[in-house]
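S.K.: show me how the following folds:
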Amino acid sequence: MNAAPWQCKLRPSRQARVLHGALATGALLTVAGAPLPALFWLIKIPILLLMMRESLQQQRRLAQRRGLLQHKSDDSWRWQGARWRIVGPIRWLPGAALLVLRSEKGRLYRLWLMQDMMPPARWRQFRARLLCRAERG
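M.R.: A predicted model of the protein is given here:
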């Protein structure tokens, strides 16, 4: 089953972006509404600005999770022009998988793949491929 190469054109995950936006908004509202003494507003404003900046950067990173993901017959992965190998166990959530990848240059990359990043048939093939890999050990 895993002899044939597999590939899928990934699109940004709407679920991940909505979840991140909701959590970031909740955190911002919590910090903004925290009852602090009057002088602490000097600290609160920079904290809120840093939180907003980090939230926007993360939204941009989530939007960049797109492109062609390929699984080759030699158990390597091709993503954004680089060749990667899975290191460590694959972490599964309902509708998501975390791949810890290492490039040929030694760079480590944690790639969350959400179910809504690919068509349902590709998601099933992806899961089957990785579950077969896990059984092989």
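
S.K.: start and end of stretch 6-21, how far apart?
M.R.: 32 Å (Cα to Cα, to the nearest Å).

S.K.: what are the contacting residues of that stretch?
M.R.: With Cβ atoms under 8 Å, 6 or more residues apart in numbering as the test, stretch 6-21 has contacts from 55, 58-59, 62-71, 95, 112-119, 122, 125-126, 129. Every C-beta, even on glycine, is put in place using the N, C-alpha and C of the backbone.

S.K.: please pick the buried ones from those.
M.R.: With burial judged by 16 or more other Cβ atoms under 10 Å, the buried subset of the contacts of stretch 6-21 is 55, 58-59, 62, 65, 69, 71, 113-115, 117-118, 122, 125-126, 129.

S.K.: ok, these vs residue 38, which is closest?
M.R.: Set against residue 38, the nearest of the buried ones among the contacts of stretch 6-21 by Cβ to Cβ is residue 55 (26.7 Å).

S.K.: which helix or strand contains the closest one?
M.R.: helix 41-63 (DSSP states H and E).

S.K.: give the buried residues for stretch 70-87.
M.R.: 71, 77, 78, 79, 84, 86.
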